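K.L.:
No letters, just coordinates:
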């Protein structure tokens, strides 16, 4: 299933923090709101195919639904001739966070997607494009798992 959303595409990655791997104070990042993003959403099914000797084709076993794959593409803009350095650095700090990101986006939230993990991203330079920064972010949906540890 592939869904493309151009309407109602405002997406906000909420501010967050994570432990500093070198110790010390946690590393935090600001919320990032992308008002002109285009979101592409796809989801595959998990199916195990088993070959049986003497039979054409395979036996298919439906296991479940895979994670959603989410692609967010857009542009950060600034005043003419002014590079969007602060916005670019805020975006990069959020993209580099090694945690699931909280998402506020009507389109994704309606489909049950509240969190996602960044798999990869692109921040290309554009010829003559000093006043803007294009981006593509590839994410996978995440469902938090709460572990309960009981005494033995």
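P.N.:
Cool, the structure landed. From a predicted model like this one, the values you see are computed outputs, not experimental measurements. Numbers count the residues shown, from 1 in each chain.
K.L.:
Can you get me a residue count around residue 132?
P.N.:
Burial of residue 132 is recorded as 17 neighbouring residues (other Cβ atoms under 10 Å). The C-beta positions use only the backbone N, C-alpha and C, and glycine is treated the same way.
K.L.:
typo on my end, residue 120
P.N.:
Quick note: residue 120 (other Cβ under 10 Å) scores 10 neighbours.
K.L.:
Looks like it contacts residue 138 (just checking).
P.N.:
Yes: the criterion here is Cβ atoms under 8 Å, and residue 120 meets it with residue 138 at 4.7 Å.
K.L.:
can you pull out the helices in the chain?
P.N.:
Ranges of helices in the chain, per DSSP state H, are 85-95, 106-110.
K.L.:
Let me have the ones you listed in CSV, extended by distance to residue 142 and mean pLDDT.
P.N.:
As requested, these are exported to CSV (distance: least, Cβ to Cβ, whole Å; pLDDT from 0 to 100):
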stretch, distance to residue 142, mean pLDDT
helix 85-95, 15, 95
helix 106-110, 12, 94
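K.L.:
can I get the ones you listed in CSV with mean neighbour count?
P.N.:
Output for those, formatted as CSV (neighbours: other Cβ atoms under 10 Å):
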stretch, mean neighbour count
helix 85-95, 16
helix 106-110, 15
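K.L.:
among the ones you listed, which is nearest residue 53?
P.N.:
Residue 53 lies closest to helix 106-110 among those, at 44.7 Å (Cβ to Cβ).
K.L.:
Give me the helices and strands touching the closest one, please.
P.N.:
On a contact count with 3 or more Cβ pairs under 8 Å, 6 or more residues apart in numbering; DSSP states H and E, helix 106-110 meets strand 38-51.
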